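*Asks:* Sequence first, predicted model second:
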Amino acid sequence: MSGTYPLPTGDLKSLGFASKPLDHLDALIRSHIDDGRYPGAQIALARHGKLALFRTYGTAHSGVHAGPDTLWLLFSQTKVLTTAAVWSLVEDGTLSFSDRVADHLPEFAAHGKGEITLFQVATHQAGYPSADVTRETWTDHALMRKQVCDFKPEWPAGSGREAGPEVAAGPTGPAGAAGSGWEAGSGWEAGSAVSAVWAGSAM
């Protein structure tokens, strides 16, 4: 996969994408915006390190037309991105959902979290739904990792399931601003822990 940013462009056909479902998606997004379901959207498709499609629709905020450089708040959509990255590592045998987070991130074992598994953080069962990180971590991965590893359990992992305030309340937390998959479980638990594991394993 290309490490270049932005990605070099390619065409849909040569990269193996079918045009008919993409035409349907394009029409669907336009109709949703016309119906007022959401103000704007952006889609991108890439394969083999090449960008095949990149389109922006509608408005970003306050009637401002959305463009290719518009920043979008992802909020809980980052759960899908983070978990997809983890699944790719599970598929190639690098990780297992039964792995303990501390197997890959030893400092995560602090405060009795040593037995918490990737499955538990990915399914809201790690036991610290009120845990949160500071604004400073949004642009500081090392600080994010430190604060996440310092989370303190509120109950034993696997004994309950609860989404934390940022998840339960919907688009109110800073995860979208971070845009890095942090808000992916009980509060910050799955995205922060799993993203940290993913980043370490992918290096």
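*Replies:* Yep, it's here.
*Asks:* Can you give the domain ranges for this protein?
*Replies:* Using automatic domain parsing, the domain ranges for the chain come out as 1-71, 75-202.
*Asks:* Need those in a markdown table (columns: mean neighbour count and mean pLDDT).
*Replies:* C-beta: built from backbone N, CA, C; applies to glycine. Shown next, in a markdown table, are the domains of the chain (neighbours: other Cβ atoms under 10 Å; pLDDT from 0 to 100):
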| stretch | mean neighbour count | mean pLDDT |
| --- | --- | --- |
| domain 1-71 | 13 | 90 |
| domain 75-202 | 19 | 73 |
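*Asks:* Could you list which residues are in contact with residue 17?
*Replies:* 45, 47, 52, 53 (Cβ atoms under 8 Å, 6 or more residues apart in numbering).
*Asks:* Okay, and it sits in which element?
*Replies:* Of the helices and strands defined by DSSP states H and E, none includes residue 17.
*Asks:* list the contacts for the closest residue to residue 149 other than its chain neighbours?
*Replies:* With sequence-adjacent residues excluded and distances taken as Cβ to Cβ, 6 or more residues apart in numbering, residue 149 is closest to residue 107, at 4.3 Å. Contact analysis of residue 107 by Cβ under 8 Å, 6+ apart lists 145, 146, 149.
*Asks:* Tabulate those residues (CSV), appending distance to residue 111 and secondary structure.
*Replies:* Output for these, formatted as CSV (distance: Cβ to Cβ, whole Å; DSSP: H, G, I helix; E, B strand; the rest coil):
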residue, distance to residue 111, secondary structure
145, 15, helix
146, 13, helix
149, 9, helix
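*Asks:* List just the nearest of the contacts of residue 17 to residue 93.
*Replies:* Using Cβ to Cβ, residue 47 is the member of the contacts of residue 17 that sits closest to residue 93, with 22.6 Å.
*Asks:* what's the distance between the closest one and residue 117?
*Replies:* Residue 47 sits 32 Å away from residue 117, going by Cβ to Cβ, to the nearest Å.
*Asks:* closest to residue 41 among the contacts of residue 107?
*Replies:* Checking these one by one against residue 41 (Cβ to Cβ), the nearest turns out to be residue 145, at 31.8 Å.
*Asks:* what about the residue nearest to residue 149, which SS state?
*Replies:* helix (DSSP: H, G, I helix; E, B strand; the rest coil).
*Asks:* show me where the chain has helices.
*Replies:* Secondary structure of the chain (DSSP state H): helices at 19-34, 78-91, 101-104, 118-122, 141-149, 165-168, 175-178, 189-202.
*Asks:* Fine by me, thanks again.
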